[in-house]
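Undergrad: Requesting a structural model of the entry that follows:
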Amino acid sequence: MMTDKIKEQILAIRDTGETNMFDVRKVQEIALREGYDELLVYLADNVGAYSRFILTGKEE
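TA: Numbers count the residues shown, from 1 in each chain. Below you'll find the model as predicted:
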């Protein structure tokens, strides 16, 4: 489940403009660097839901 904290972490990475948000590996690198542990755990099992959120803005 995507929590508000995970959503905030995704949006914080997006706002840096550092990477294409579909480059999950790079998003994970940034999350690791920034200490976004919740996002790292979420991405380990929810890449499909993450991608849908990036595409549509909708959570599952």
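
Undergrad: what sits against Lys7?
TA: Lys7 makes contacts with Phe53, Glu59, as judged by Cβ atoms under 8 Å, 6 or more residues apart in numbering. Every residue, glycine included, has its C-beta placed from N, CA and C.

Undergrad: same deal with Lys26?
TA: Glu18, Thr19, Asn20.

Undergrad: same thing with Glu60?
TA: Glu60 touches Met1, Met2, Ala49, Arg52, Phe53, counting by Cβ under 8 Å, 6+ apart.

Undergrad: Please name the nearest non-neighbouring residue to the residue nearest the centre of the chain.
TA: With distances taken as Cα atoms, centre = their mean, Ile10 lies nearest the centre of the chain, 3.9 Å away. With sequence-adjacent residues excluded and distances taken as Cβ to Cβ, 6 or more residues apart in numbering, Ile10 is closest to Leu39, at 6.5 Å.

Undergrad: The one you found: neighbouring residues, count only.
TA: Applying other Cβ atoms under 10 Å, we find 26 residues neighbouring Leu39.

Undergrad: ok, it to Gly48 distance?
TA: 15 Å (Cβ to Cβ, to the nearest Å).

Undergrad: repeat for Ile54
TA: For Ile54, the distance to Gly48 equals 11 Å [Cβ to Cβ].

Undergrad: Which one's more surrounded, those two?
TA: Using other Cβ under 10 Å, the more surrounded residue of Ile54 and Gly48 is Ile54, with 15 against 9.
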